[in-house]
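>>> Test case, fold it:
(one chain, ligands or ions: 2)
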Amino acid sequence: MKVLDAEFVQGFIRLCDDGFHQNWHERNGGNLSYRIKPEEIESVMDDLNEDKPWQPIGTSVPDLAGEYFLVTGSGKYFQNVKREPEANICIIEVDERGENYRIRWGLVKGGRPTSELPSHLMNLEVKKKITNGRYRVVYHAHPANTVALTFVLPLEDEVFTREIWEMMTECPVVFPDGIGVVGWMVPGGRDIAVATSELMKKYDVAIWAHHGMFCSGEDFDSTFGLMHTVEKAADILVKVLSMGQGKRQTITPQNFRDLAVDFKVTLPERFLYEK
Ligand code: 13P
Ligand code: ZN
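Residues are numbered from 1 along each chain as shown. Ligands and ions are numbered 1, 2, ... in the order given. The predicted structure follows:
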């Protein structure tokens, strides 16, 4: 099968296009990765090349050794992925030590995988381990309301989780484990990848202060839906804060506990503090 005919590739392209239309991907902002299933890579093997050199990942991901990933290209625009996928995204193979990668398909006009490849692969490695292989998607975007909140809220997991949960009743059902926050760091390297993958051990959402958000999930729909839900709640919070009078009423800690019982989720008590 041709790579572009594969369902996982079509799902990947659709997410890029949907994200662009949400205004989360100015210029080359944001990146996406997908850990390809063995049967999926087998189905497109005839369409892969083998002449590209091995390159260092910039970190070590031994638990992903020998696996294949579909990722966006560095400096490439989400806006262009649907129009010209083979020039903007690529399939990479990770070597047997989990330290190098090589391009097996795509980026036909040149380029390399996203500069956030260390973060993507380290997050995918953590998620593979703790979800028994279920999670396959890591998505990074620059949604404006979430980023705006990093200028006014304390950069603490408890505060971000609680303030965002309070904005929409469904939030704690969609991400009951909460949200992690990383203070400002230089993007694109191993240090921010380590910090983010530490948060991914506890959460499906990590916010980078003054930069953007990372979400992880089982498939494209649930990962996009998670980003969408957090950003929608952040949008409401920005409106509430902008109205300037504070909250007259809100969802209380006891309301959250009642919700948890009926929706059969566990909500950590550290997010349900008295204000
Ligand atoms: P890339 O173009 O290298 O993916 O970088 C975009 C980005 O959002 C960096 O955080
Ligand atoms: Zn970014």
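
>>> Which phi and psi values does Phe160 adopt?
Note on Phe160: its backbone torsions stand at phi -60, psi -50 [degrees, to the nearest 10].

>>> hang on, isn't it packed against Thr146?
No: contact criterion C-beta atoms under 8 Å: Phe160 and Thr146 do not qualify, at 9.1 Å. Just so you know, the C-beta spots here come from the backbone N, C-alpha and C atoms, and that holds for glycine as well.

>>> show me what contacts the residue lying closest to Glu96 once chain neighbours are set aside?
Closest residue in space to Glu96, ignoring its immediate chain neighbours: Ala65 at 5.2 Å, by C-beta to C-beta, 6 or more residues apart in numbering. Counting by C-beta atoms under 8 Å, 6 or more residues apart in numbering, Ala65 touches 94-98.

>>> between Phe160 and Thr146, which one's more packed in?
Taking neighbours as other C-beta atoms under 10 Å, Phe160 and Thr146 compare with Thr146 leading, 28 against 25.

>>> which one is the more buried one nearest to, not counting chain neighbours?
Ala234 (4.4 Å).

>>> Next, count neighbours for the one you found.
Around Ala234 there are 25 other residues, counting by other C-beta under 10 Å.

>>> longest helix in this protein, by residue count?
In the chain, taking DSSP state H as the definition, the longest helix is helix 220-242.

>>> hang on, Ile103 in a strand?
Yes: residue state for Ile103 (DSSP: H, G, I helix; E, B strand; the rest coil) corresponds to a strand.

>>> let's number from 17 now, not from 1
That works, and once the first residue is 17, the last one we named lands at Ile119.

>>> Hmm, Pro129 and it touching each other?
Yes: with contact defined as C-beta under 8 Å, Ile119 reaches Pro129; the gap is 7.4 Å.

>>> Alongside ligand 1, which residues does the stretch 17-166 of the chain contribute?
44-47, 88, 90-91, 130-132, 156 (C-beta under 6 Å from any ligand atom).

>>> Does ligand 1 have contacts with the longest helix of the chain?
No: figure legend: helix 236-258 not in contact with ligand 1 (C-beta under 6 Å from any ligand atom); closest approach 13.5 Å.

>>> Buried by neighbour count: which residues of that helix qualify?
Going by neighbour count (16 or more other C-beta atoms under 10 Å), the buried part of helix 236-258 is 236, 239-240, 242-251, 253-254, 256-257.

>>> Likewise for stretch 18-27?
19, 22, 24-25, 27.

>>> One more: stretch 138-156?
By 16+ other C-beta under 10 Å, the buried positions in stretch 138-156 come out as 138-144, 151-156.

>>> Same check on stretch 166-182?
Of the residues in stretch 166-182, those buried by neighbour count under the rule 16+ other C-beta under 10 Å are 166, 169, 171, 173-182.

>>> Now the residues you listed in CSV, please, with extra columns for secondary structure.
Converted to CSV, these look like this (three-state DSSP):
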residue, secondary structure
Thr166, coil
Leu169, coil
Leu171, coil
Asp173, helix
Glu174, helix
Val175, helix
Phe176, helix
Thr177, helix
Arg178, helix
Glu179, helix
Ile180, helix
Trp181, helix
Glu182, coil
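
>>> Quick one: end-to-end length of stretch 277-289, please.
End-to-end span of stretch 277-289 (C-alpha to C-alpha, to the nearest Å): 18 Å.

>>> Give me the contact list for it.
Contacts of stretch 277-289 (C-beta under 8 Å, 6+ apart): 174, 177-178, 181, 188-189, 192-194, 269, 272-273, 275-276.

>>> Restricted to strands, list these.
Per DSSP state E, strands hold no members of the contacts of stretch 277-289.

>>> Just the buried residues from the residues you listed, in PyMOL please.
Buried residues among these (16+ other C-beta under 10 Å), as a PyMOL selection:
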select buried, resi 174+177+178+181+188+189+192+193+194+272+275+276
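
>>> Okay, and which of the contacts of stretch 277-289 map to helices?
Judged by DSSP H, those include 174, 177-178, 181, 188-189, 269, 272-273, 275-276 as members of helices.
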